[in-house]
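Participant: Sequence first, predicted coordinates after that:
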Amino acid sequence: MSVSYKLIRNHSPISGKTAYKVVAVENETVGLKRISRHIQQATSLTPADIIGALTALKDEIAEELKMGNNVHLPGIGYFSLAIRGDLYEDPRSHHYRLRNPEVRKVKFHPDTEFLEALRGIEFSNATYTRGTPTVPTDEALGTVLDSLFATQPAITVASLRRRLNLSRSHAYRLAARLEADGRIRNVSTSHHKLYVKGEQQHG
């Protein structure tokens, strides 16, 4: 069994960014039922024991994080909080603070032992066998369209698909959205669309 990855074109204008970024392809989301069954087969614990222990562990981790503590599970890693809120400057003291602070996410930093357990993975390139639903920002999409029309008077759905590394279904949905927005215009038939620049352009 191998882990598949895709090379996604990086549309970020930030200097120093590589042309592509690597994204792991997730096969499925595994739940507690499957995990507890595997643990039961490897230990003397029952599924009820496993579910009870994990529930108690979740509650305990949450309580420790609420007290401002980091949590370390040996062999697994560290859990800590990331916070967000509205930055506010007090007009009298000129001290900064957050309004409406809240938890942005729980950060996880794996232990070395956990990373070692992941060694030996085989990887396969799925860039050209599976499309991706990831599309660039509206601004980046405008840049892509400008680039395509700079080299050819008309484009196809296949042009967008190749340039953005999209799945077939997402490429057709994106083309339909761009046509509805007036950013591209079909000058061919409904079955064999050929697009030219539309009257509505980004920015």
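Facilitator: On my side now, so go ahead.
Participant: other SSEs contacting the biggest helix by length in the chain?
Facilitator: Longest helix in the chain, counting residues (DSSP state H): helix 47-66. Packing partners of helix 47-66 (3 or more CB pairs under 8 Å, 6 or more residues apart in numbering; DSSP states H and E): helix 32-42, strand 71-73, strand 77-89. Using the backbone N, CA and C atoms, a C-beta is placed for each residue, glycine as well.
Participant: Tell me which of the ones you listed is the most buried.
Facilitator: Mean neighbour count, computed with mean count of other CB atoms under 10 Å, is highest for strand 71-73 among these, reaching a mean of 15.
Participant: circling back to that earlier point, in the longest helix of the chain, what's buried?
Facilitator: Across helix 47-66, burial judged by 16 or more other CB atoms under 10 Å covers Ile50, Leu65.
Participant: List every C-alpha atom in stretch 108-115, with coordinates, as PDB.
Facilitator: The C-alpha trace of stretch 108-115 is given here as PDB (Å, rounded to 0.1, in the frame of the first residue of the first chain):
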ATOM      1  CA  PHE A 108       0.100  19.200  17.100                       C
ATOM      2  CA  HIS A 109       3.900  18.600  17.000                       C
ATOM      3  CA  PRO A 110       4.700  14.900  16.600                       C
ATOM      4  CA  ASP A 111       7.300  13.100  18.700                       C
ATOM      5  CA  THR A 112      10.400  11.700  17.000                       C
ATOM      6  CA  GLU A 113       9.100   8.200  17.800                       C
ATOM      7  CA  PHE A 114       5.900   8.900  16.000                       C
ATOM      8  CA  LEU A 115       7.700  10.100  12.900                       C
END
